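# next come a sequence and a model predicted from it.
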Amino acid sequence: MNDLILATHELQEQFTEKSVLNNLSFELYRGRFLSIVGENGVGKTTLIRIILGQLKPTRGSVEFFPNRKAVKIGYVPQFRNIDDEYPLSVKNFVALSFAHSVVPWLQPAERKRLDAVLDETELTKLQNEPLGRASGGEKQRAYLAQALALAPDLLILDESTASLDPIAKEQLLRLVRKLNQQTGVTVISVTHDIPLAQQFSDDYLLLQPNGYQFGPIKQLQVSEYQGGEQHV
Ligand SMILES: Nc1ncnc2c1ncn2[C@@H]1O[C@H](COP(=O)(O)OP(=O)(O)OP(=O)(O)O)[C@@H](O)[C@H]1O
(Lines give C-alpha, C1' and ligand atoms only; values in the text may rest on other atoms or scores of the structure.)
Protein backbone atom coordinates (compact mmCIF):
# COMPACT_ATOMS: atom_id res chain seq x y z
CA MET A 1 0.00 0.00 0.00
CA ASN A 2 1.60 3.19 -1.15
CA ASP A 3 -1.00 5.89 -0.87
CA LEU A 4 -0.97 8.77 1.55
CA ILE A 5 -3.64 9.23 4.19
CA LEU A 6 -2.39 12.60 5.43
CA ALA A 7 0.42 15.11 5.14
CA THR A 8 1.25 18.15 7.24
CA HIS A 9 2.74 21.22 5.63
CA GLU A 10 4.97 23.51 7.72
CA LEU A 11 2.76 23.42 10.82
CA GLN A 12 3.38 25.90 13.58
CA GLU A 13 1.26 26.66 16.65
CA GLN A 14 1.91 29.90 18.48
CA PHE A 15 0.59 30.07 22.05
CA THR A 16 0.99 33.21 24.15
CA GLU A 17 3.99 31.84 25.99
CA LYS A 18 5.59 29.59 23.41
CA SER A 19 5.59 28.29 19.88
CA VAL A 20 5.48 24.55 19.08
CA LEU A 21 5.79 22.20 16.08
CA ASN A 22 8.66 24.05 14.32
CA ASN A 23 7.33 24.11 10.74
CA LEU A 24 6.43 20.45 10.96
CA SER A 25 6.06 18.64 7.64
CA PHE A 26 5.61 14.88 7.40
CA GLU A 27 3.69 12.36 5.32
CA LEU A 28 1.79 9.35 6.61
CA TYR A 29 1.00 6.43 4.31
CA ARG A 30 -2.10 4.26 4.67
CA GLY A 31 -1.60 1.16 6.75
CA ARG A 32 1.42 2.54 8.65
CA PHE A 33 1.81 2.61 12.43
CA LEU A 34 3.34 5.95 13.49
CA SER A 35 4.54 6.65 17.03
CA ILE A 36 4.78 10.29 18.10
CA VAL A 37 7.33 10.76 20.88
CA GLY A 38 9.01 13.66 22.64
CA GLU A 39 9.42 15.22 26.03
CA ASN A 40 6.59 16.85 28.00
CA GLY A 41 5.27 20.09 26.53
CA VAL A 42 6.82 19.67 23.09
CA GLY A 43 3.49 19.73 21.24
CA LYS A 44 2.29 16.13 20.82
CA THR A 45 -1.28 16.79 22.00
CA THR A 46 -1.33 20.06 20.07
CA LEU A 47 -0.53 18.13 16.88
CA ILE A 48 -3.30 15.59 17.60
CA ARG A 49 -5.79 18.42 18.21
CA ILE A 50 -4.81 19.99 14.88
CA ILE A 51 -5.22 16.64 13.07
CA LEU A 52 -8.64 16.19 14.71
CA GLY A 53 -9.67 19.67 13.55
CA GLN A 54 -10.13 20.93 17.13
CA LEU A 55 -7.37 23.52 16.84
CA LYS A 56 -6.46 25.71 13.89
CA PRO A 57 -2.72 25.91 13.26
CA THR A 58 -1.22 29.40 13.41
CA ARG A 59 0.69 28.52 10.25
CA GLY A 60 0.68 25.63 7.81
CA SER A 61 -1.97 22.98 7.15
CA VAL A 62 -2.96 19.32 7.35
CA GLU A 63 -4.02 17.67 4.10
CA PHE A 64 -6.09 14.47 4.04
CA PHE A 65 -6.31 12.14 1.05
CA PRO A 66 -8.52 12.02 -0.91
CA ASN A 67 -10.13 14.61 1.44
CA ARG A 68 -10.96 15.11 5.13
CA LYS A 69 -14.53 13.80 4.81
CA ALA A 70 -13.34 10.52 3.32
CA VAL A 71 -11.01 9.77 6.25
CA LYS A 72 -12.89 8.38 9.26
CA ILE A 73 -10.97 8.90 12.49
CA GLY A 74 -11.27 6.78 15.66
CA TYR A 75 -9.83 8.17 18.91
CA VAL A 76 -8.71 6.27 22.03
CA PRO A 77 -8.16 8.62 24.98
CA GLN A 78 -5.70 8.32 27.81
CA PHE A 79 -6.84 5.73 30.36
CA ARG A 80 -9.03 7.13 33.11
CA ASN A 81 -10.47 4.76 35.60
CA ILE A 82 -14.18 4.05 35.38
CA ASP A 83 -16.00 3.78 38.67
CA ASP A 84 -16.80 0.27 40.02
CA GLU A 85 -20.50 1.19 39.99
CA TYR A 86 -20.54 2.28 36.31
CA PRO A 87 -23.81 0.72 35.15
CA LEU A 88 -23.24 -0.19 31.50
CA SER A 89 -22.11 -3.62 30.38
CA VAL A 90 -19.00 -3.83 28.21
CA LYS A 91 -21.21 -4.46 25.16
CA ASN A 92 -23.49 -1.46 25.82
CA PHE A 93 -20.48 0.78 26.43
CA VAL A 94 -18.98 -0.19 23.06
CA ALA A 95 -22.40 0.23 21.39
CA LEU A 96 -22.49 3.92 22.44
CA SER A 97 -20.61 4.55 19.20
CA PHE A 98 -23.71 3.70 17.17
CA ALA A 99 -26.54 6.15 16.60
CA HIS A 100 -29.08 3.88 18.32
CA SER A 101 -26.72 3.36 21.20
CA VAL A 102 -28.39 0.72 23.38
CA VAL A 103 -28.08 -2.89 22.25
CA PRO A 104 -31.78 -3.91 21.83
CA TRP A 105 -32.26 -1.03 19.38
CA LEU A 106 -29.25 -1.64 17.17
CA GLN A 107 -29.79 -2.13 13.44
CA PRO A 108 -28.82 -5.65 12.24
CA ALA A 109 -25.67 -4.33 10.53
CA GLU A 110 -24.65 -2.51 13.72
CA ARG A 111 -25.28 -5.64 15.81
CA LYS A 112 -23.02 -7.56 13.42
CA ARG A 113 -20.31 -4.91 13.60
CA LEU A 114 -20.58 -4.85 17.40
CA ASP A 115 -20.04 -8.63 17.57
CA ALA A 116 -17.07 -8.35 15.19
CA VAL A 117 -15.43 -5.54 17.12
CA LEU A 118 -15.94 -7.30 20.49
CA ASP A 119 -14.24 -10.31 18.94
CA GLU A 120 -11.37 -8.23 17.48
CA THR A 121 -10.69 -6.65 20.86
CA GLU A 122 -11.00 -9.96 22.75
CA LEU A 123 -14.03 -8.81 24.74
CA THR A 124 -16.63 -11.35 23.58
CA LYS A 125 -16.54 -13.37 26.79
CA LEU A 126 -16.80 -10.23 28.92
CA GLN A 127 -19.48 -8.48 26.89
CA ASN A 128 -22.29 -8.87 29.45
CA GLU A 129 -20.17 -7.98 32.48
CA PRO A 130 -20.39 -4.49 34.03
CA LEU A 131 -17.57 -2.35 32.62
CA GLY A 132 -16.91 -0.90 36.09
CA ARG A 133 -15.74 -4.30 37.32
CA ALA A 134 -13.34 -4.91 34.41
CA SER A 135 -9.55 -4.59 34.78
CA GLY A 136 -7.70 -1.49 33.55
CA GLY A 137 -6.54 -3.30 30.43
CA GLU A 138 -10.07 -4.55 29.68
CA LYS A 139 -11.53 -1.07 30.15
CA GLN A 140 -8.97 0.34 27.76
CA ARG A 141 -9.81 -2.42 25.24
CA ALA A 142 -13.46 -1.31 25.54
CA TYR A 143 -12.40 2.26 24.60
CA LEU A 144 -10.44 0.77 21.70
CA ALA A 145 -13.53 -1.21 20.62
CA GLN A 146 -15.63 1.99 20.76
CA ALA A 147 -13.09 3.75 18.54
CA LEU A 148 -13.07 0.82 16.09
CA ALA A 149 -16.85 0.33 15.96
CA LEU A 150 -17.35 2.73 13.07
CA ALA A 151 -14.48 1.14 11.10
CA PRO A 152 -12.09 4.12 11.07
CA ASP A 153 -9.41 4.61 8.42
CA LEU A 154 -7.17 6.31 11.00
CA LEU A 155 -6.95 5.27 14.65
CA ILE A 156 -5.40 7.78 17.07
CA LEU A 157 -4.14 6.57 20.46
CA ASP A 158 -3.42 9.55 22.70
CA GLU A 159 -1.14 8.18 25.43
CA SER A 160 -3.68 5.36 25.65
CA THR A 161 -1.33 3.01 27.47
CA ALA A 162 -0.16 5.52 30.12
CA SER A 163 -1.27 4.42 33.62
CA LEU A 164 -1.76 0.78 32.60
CA ASP A 165 0.48 -1.86 34.13
CA PRO A 166 3.37 -3.04 31.93
CA ILE A 167 1.61 -6.26 30.85
CA ALA A 168 -1.62 -4.45 29.91
CA LYS A 169 0.40 -1.79 28.00
CA GLU A 170 2.08 -4.41 25.88
CA GLN A 171 -1.15 -6.39 25.36
CA LEU A 172 -2.98 -3.30 24.14
CA LEU A 173 -0.28 -2.25 21.69
CA ARG A 174 0.20 -5.83 20.47
CA LEU A 175 -3.53 -5.98 19.77
CA VAL A 176 -3.52 -2.61 17.97
CA ARG A 177 -0.55 -3.75 15.87
CA LYS A 178 -2.37 -6.99 14.98
CA LEU A 179 -5.46 -5.05 13.88
CA ASN A 180 -3.26 -2.59 11.97
CA GLN A 181 -1.68 -5.48 10.07
CA GLN A 182 -4.91 -7.44 9.57
CA THR A 183 -7.30 -4.64 8.61
CA GLY A 184 -4.90 -2.02 7.27
CA VAL A 185 -6.16 0.68 9.66
CA THR A 186 -3.54 3.46 9.89
CA VAL A 187 -2.39 4.14 13.47
CA ILE A 188 -0.99 7.24 15.18
CA SER A 189 0.13 6.52 18.74
CA VAL A 190 1.36 9.25 21.09
CA THR A 191 3.58 7.64 23.69
CA HIS A 192 6.42 8.11 26.16
CA ASP A 193 7.21 4.41 25.98
CA ILE A 194 10.13 4.16 23.55
CA PRO A 195 10.69 0.37 23.82
CA LEU A 196 7.03 -0.30 22.99
CA ALA A 197 7.14 2.22 20.13
CA GLN A 198 10.20 0.43 18.77
CA GLN A 199 8.51 -2.94 19.13
CA PHE A 200 5.25 -2.12 17.35
CA SER A 201 5.65 0.89 15.01
CA ASP A 202 6.75 1.38 11.43
CA ASP A 203 7.59 5.09 11.66
CA TYR A 204 8.41 7.63 14.34
CA LEU A 205 7.98 11.35 14.72
CA LEU A 206 10.20 12.80 17.44
CA LEU A 207 9.12 16.31 18.41
CA GLN A 208 11.89 18.36 19.99
CA PRO A 209 11.95 21.87 21.48
CA ASN A 210 13.74 23.28 18.43
CA GLY A 211 12.99 20.82 15.65
CA TYR A 212 11.74 17.34 14.85
CA GLN A 213 12.79 14.06 13.31
CA PHE A 214 10.65 11.75 11.19
CA GLY A 215 11.58 8.39 9.73
CA PRO A 216 11.47 4.60 9.98
CA ILE A 217 11.37 3.51 13.63
CA LYS A 218 14.68 1.65 13.37
CA GLN A 219 16.39 5.03 12.89
CA LEU A 220 15.15 6.37 16.24
CA GLN A 221 18.21 6.94 18.42
CA VAL A 222 17.16 6.57 22.02
CA SER A 223 19.91 9.02 23.08
CA GLU A 224 18.19 11.80 21.11
CA TYR A 225 14.99 11.37 23.05
CA GLN A 226 15.11 13.54 26.14
CA GLY A 227 12.55 11.41 27.88
CA GLY A 228 9.33 12.53 29.41
CA GLU A 229 7.40 11.88 32.51
CA GLN A 230 4.91 9.09 32.39
CA HIS A 231 1.43 10.30 33.11
CA VAL A 232 0.20 8.45 36.14
N1 LIG B 1 -4.47 26.36 24.77
C2 LIG B 1 -3.22 26.63 25.15
N3 LIG B 1 -2.85 27.87 25.55
C4 LIG B 1 -1.58 28.15 25.91
N5 LIG B 1 -0.59 27.25 25.93
C6 LIG B 1 -0.90 25.99 25.56
C7 LIG B 1 -2.22 25.60 25.16
N8 LIG B 1 -2.22 24.28 24.83
C9 LIG B 1 -0.95 23.86 25.05
N10 LIG B 1 -0.16 24.87 25.47
C11 LIG B 1 1.27 24.79 25.79
O12 LIG B 1 1.94 24.32 24.63
C13 LIG B 1 2.92 23.35 24.97
C14 LIG B 1 2.64 22.05 24.27
O15 LIG B 1 1.53 21.40 24.87
P16 LIG B 1 1.10 19.91 24.49
O17 LIG B 1 -0.01 19.53 25.41
O18 LIG B 1 0.85 19.84 23.03
O19 LIG B 1 2.44 19.10 24.85
P20 LIG B 1 2.69 17.52 24.90
O21 LIG B 1 3.90 17.24 24.10
O22 LIG B 1 1.44 16.79 24.53
O23 LIG B 1 3.01 17.32 26.44
P24 LIG B 1 2.78 16.07 27.42
O25 LIG B 1 3.78 15.02 27.06
O26 LIG B 1 3.05 16.65 28.77
O27 LIG B 1 1.35 15.63 27.26
C28 LIG B 1 2.91 23.26 26.49
O29 LIG B 1 3.91 24.11 27.01
C30 LIG B 1 1.53 23.76 26.87
O31 LIG B 1 1.53 24.35 28.14
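Structure received. Remember, it's a predicted structure, so these values are computed and weren't measured experimentally. Numbers count the residues shown, from 1 in each chain.
# hey, let's count contacts and neighbours off CA atoms from now on
OK.
# residues touching the residue nearest the centre of the chain, list them.
Nearest to the geometric centre of the chain sits Leu157, at 1.6 Å (C-alpha atoms, centre = their mean). Applying C-alpha atoms under 8 Å, 6 or more residues apart in numbering, one finds that Leu157 lies in contact with Tyr75, Val76, Pro77, Gln78, Val187, Ile188, Ser189, Val190.
# over to Gly184?
Gly184 is in contact with Arg30, Gly31, Arg32, counting by C-alpha under 8 Å, 6+ apart.
# okay, those in JSON lines with secondary structure next?
As requested, the contacts of Gly184 are exported to JSON lines (DSSP: H, G, I helix; E, B strand; the rest coil):
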{"residue": "Arg30", "secondary structure": "coil"}
{"residue": "Gly31", "secondary structure": "coil"}
{"residue": "Arg32", "secondary structure": "coil"}
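# which strands and helices sit next to the helix ranked longest in the chain?
With DSSP state H applied, the helix covering the greatest number of residues in the chain is identified as helix 166-183. Based on contacts counted as 3 or more C-alpha pairs under 8 Å, 6 or more residues apart in numbering; DSSP states H and E, the elements that helix 166-183 packs against are helix 136-148, helix 194-200.
# returning to that earlier point: surely the residue nearest to the centre of the chain is within a strand?
Yes. If the criterion is three-state DSSP, then Leu157 is within a strand.
# next one: it, what pLDDT does it get?
Looking at Leu157, its pLDDT is 97.
# got it, and the one 4 residues further on?
In this prediction, Thr161 carries a pLDDT score of 90.
# and it, how far from Gly215?
Here the distance between Thr161 and Gly215 works out to 23 Å (C-alpha to C-alpha, to the nearest Å).
# of the two, give the one with the bigger neighbour count.
Neighbours per residue (other C-alpha atoms under 10 Å) separate Thr161 from Gly215, with Thr161 holding more: 28 against 15.
# can you tell me the closest non-neighbouring residue to Glu129?
Here the nearest residue to Glu129 in space, its sequence neighbours aside, is Ser89; by C-alpha to C-alpha, 6 or more residues apart in numbering that works out to 5.2 Å.
# for Gly211, same thing?
Closest residue to Gly211 apart from its sequence neighbours, by C-alpha to C-alpha, 6+ apart: Asn22 at 5.6 Å.
# and the one helix or strand that neighbour maps to, what does it pack onto?
Secondary-structure element containing Asn22, defined by DSSP states H and E: strand 19-29. Contacting strand 19-29 under the criterion 3+ C-alpha pairs under 8 Å, 6+ apart are the following elements: strand 4-14, strand 211-216.
# the longest helix of the chain: what's the following helix or strand?
Counting by DSSP H and E, the next helix or strand C-terminal to helix 166-183 is strand 186-190.
# please list the residues of the protein that sit near the ligand.
By C-alpha under 6 Å from any ligand atom, the part of the chain that sits against the ligand consists of Phe15, Thr16, Glu39, Asn40, Gly41, Val42, Gly43, Lys44, Thr45, Thr46.
# in helices only, show me those residues.
Reading helices off the residues of the chain next to the ligand with DSSP H, I get Lys44, Thr45, Thr46.
# residues touching the last one, list them.
What that stands for is Thr46. If you count contacts by C-alpha under 8 Å, 6+ apart, Thr46 has them with Glu13, Leu55.
# use 51 as the first number for this chain going forward.
From this message on, residue numbering opens at 51, which makes the last subject Thr96.
# how much space between it and Leu105?
In this structure, Thr96 and Leu105 are 8 Å apart, going by C-alpha to C-alpha.
# cool, the second one as well?
Taking C-alpha to C-alpha as the measure, Thr95 and Leu105 are separated by 10 Å.
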